[in-house]
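In: sequence and predicted model, in that order:
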Amino acid sequence: DVKVTQSSRYLVKRTGEKVFLECVQDMDHENMFWYRQDPGLGLRLIYFSYDVKMKEKGDIPEGYSVSREKKERFSLILESASTNQTSMYLCASNNPGGVPLSYEQYFGPGTRLTVT
Amino acid sequence: KQEVTQIPAALSVPEGENLVLNCSFTDSAIYNLQWFRQDPGKGLTSLLLIQSSQREQTSGRLNASLDKSSGRSTLYIAASQPGDSATYLCAGITQGGSEKLVFGKGTKLTVNP
């Protein structure tokens, strides 16, 4: 079974704190993604990584950074959390270079972050 | 910029009914398309993937089709059950674009016993 895990299901942080969200996949996937999901706005891509130490901005990268030091792990960092970053954060991975060449994405369970 | 529209936004049906969820893309050059299910407060579960060489996929009571010429996809659910209640999202990758999925906002389905 493919598996994407996220470090926390629920997280409460204070404004100005540095926040780390961790994602681990056990499928040896090359690509990993971070999304946020908000009511009425749907899923929006924050950052993605197509290889270790490689990253590319998504649609809403402002206020976020990422780190990918190992292939299986992709971290999302909120340098100074703000209340407008309260959201559901979803991690995903896929392997376009594999078989089948499908781009099928697999998602983690999500982290509900509240910034007060 | 690719945009995805899902119609209807919400749907309530009695148990046992067959139903269709719709998804359309502003750019019809879709490389592949994925349908997901999301339960409240949870992550996304992949239901069906239609690859570039395919026109439809089936899994149990679910059937998804893709009409590339019009940029439209449908998800057909046969003999709906209360356990099918969830939000259904479609997402696609555009030909010639990056490997990023573009998502619709979902259809919230309620199946009443």
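Out: Cool, the structure landed.

In: point out where the chain drops to low pLDDT.
Out: Went with chain A since none was named. A:1-2, A:96-103 (pLDDT under 70).

In: try again with chain B
Out: Ranges of chain B meeting pLDDT under 70: B:94-99.

In: show me which residues of it sit near chain A.
Out: In this structure, chain B approaches chain A at residues B:31-32, B:34, B:36, B:41-46, B:49, B:51, B:89, B:91, B:93, B:98-101, B:103-106, judged by CB under 8 Å from any CB of the partner chain. From N, CA and C alone the C-beta is placed, and that goes for glycine too.

In: list buried residues within the residues you listed.
Out: B:31-32, B:34, B:36, B:42-44, B:46, B:49, B:51, B:89, B:91, B:93, B:99-101, B:103-106 (16 or more other CB atoms under 10 Å in any protein chain shown).

In: the top strand by length along chain A - contacts with which helices or strands?
Out: Counting residues, the longest strand in chain A under DSSP state E turns out to be strand A:42-51. With contacts defined as 3 or more CB pairs under 8 Å, 6 or more residues apart in numbering or on different chains; DSSP states H and E, strand A:42-51 has these neighbours: strand A:31-38, strand A:54-57, strand A:64-70, strand A:73-78, strand B:86-94.

In: which stretch among those strands comes nearest residue B:8?
Out: Evaluated over the helices and strands packed on strand A:42-51, closeness to residue B:8 peaks at strand B:86-94, with 10.9 Å, by CB to CB.

In: next, the angle from the closest one to strand A:31-38.
Out: With axes from the mean of the first three to the mean of the last three CA atoms, to 10 degrees defining the directions, strand B:86-94 sits at 130 degrees from strand A:31-38.

In: following strand B:86-94, which helix or strand shows up next?
Out: The element immediately downstream of strand B:86-94 (helix or strand, assigned by DSSP states H and E) is strand B:102-103.

In: hmm, who's touching that next one?
Out: Under the contact criterion CB atoms under 8 Å, 6 or more residues apart in numbering or on different chains, strand B:102-103 has outside partners A:42-43, B:2-4, B:25, B:89-94.

In: now stretch A:39-53
Out: The contact list for stretch A:39-53, computed with CB under 8 Å, 6+ apart, reads A:30-38, A:55-61, A:64-66, A:68-71, A:74, A:76, A:90, B:89, B:91, B:99-101, B:103-106.

In: beta partners for the residue positioned nearest the centre of chain A?
Out: Centroid-nearest residue in chain A, with CA atoms, centre = their mean: residue A:34, separated by 2.6 Å. Beta-bridge partners for residue A:34, by DSSP bridges, are residue A:47, residue A:91.

In: who are the contact partners of it?
Out: Residue A:34 sits next to A:21, A:23, A:45-48, A:58, A:64, A:66, A:74, A:76, A:89-91 when contact means CB under 8 Å, 6+ apart.

In: do that again at 7 Å, thanks
Out: Residue A:34 makes contact with A:46-47, A:66, A:74, A:76, A:89, A:91, according to CB atoms under 7 Å, 6 or more residues apart in numbering or on different chains.

In: wait, residue A:11 touches residue A:115, no?
Out: No. Under the criterion of CB atoms under 7 Å, residue A:11 makes no contact with residue A:115, lying 9.1 Å away.

In: would you list the buried entries among the contacts of stretch A:39-53?
Out: For these, a burial check counting by 16+ other CB under 10 Å picks out A:30-37, A:55, A:58, A:64, A:66, A:68, A:74, A:76, A:90, B:89, B:91, B:99-101, B:103-106.
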